[in-house]
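Chemist: All I have is the shape, not the residue letters:
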């Protein structure tokens, strides 16, 4: 069975019709779902799946406790050295999901470093990701780093600099943040 990694920005609290339709497609195809335990997009998508009684879900958590598991699904706890709950702590579970998934479906507000990192992790592993880009209220199908660069051109130069500092954007996509606007 194919597996999809669902994720998104913590600022995303509600699912519009376009997003709900994509989740319906996931359920109709009986895909195995890997999802995180964060508030925001993870919790909203968990709620939608649980309300429909979808059972093919595994919730990934960093450390010993899950923050959210709305459907009481199977959990996978990813251990990490140290107890400090920082970006690196939560990235561990996201990296595990990107390794196991066949595809990704991300809800991105255009500023979340974690969601962008997840999309990059998937693409770097040769996997496709559908990104709902909330500033434009549309989906972008991402298959390559060039597709990521095109999407990043819709973000502010300041946000691209933050991405570069936090997740090594220049090293990963091959273009300095200031040059991503040409696409």
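Modeler: Yes, it's here. Note that the structure is predicted; figures quoted are calculated from it, not measured. Residues are numbered from 1 along each chain as shown.

Chemist: pLDDT (mean, whole number) over stretch 64-74?
Modeler: Per-region confidence: stretch 64-74 scores 94 on mean pLDDT.

Chemist: let me redo that: stretch 79-97
Modeler: When pLDDT is averaged over stretch 79-97, the result is 77.

Chemist: Could you give me the buried positions within that stretch?
Modeler: Neighbour-count burial for stretch 79-97, counted by 16 or more other Cβ atoms under 10 Å, picks out 80, 89-94, 96-97. Heads up, the C-betas are built off the backbone N, CA and C, glycines and all.

Chemist: gap between the two ends of it?
Modeler: The separation between the terminal residues of stretch 79-97, taken as Cα to Cα, to the nearest Å, is 13 Å.

Chemist: Residue ranges in the protein under the pLDDT threshold?
Modeler: Applying pLDDT under 70 to the chain flags residues 82-86, 175-183.

Chemist: same thing but at 80, please
Modeler: 63, 80-90, 175-183 (pLDDT under 80).

Chemist: Are we agreed that residue 6 is in a strand?
Modeler: Yes: the secondary structure assignment for residue 6 places it in a strand, going by DSSP: H, G, I helix; E, B strand; the rest coil.

Chemist: just checking, it touches residue 45?
Modeler: Yes: Residue 6 is in contact with residue 45 according to Cβ atoms under 8 Å; the separation is 5.2 Å.
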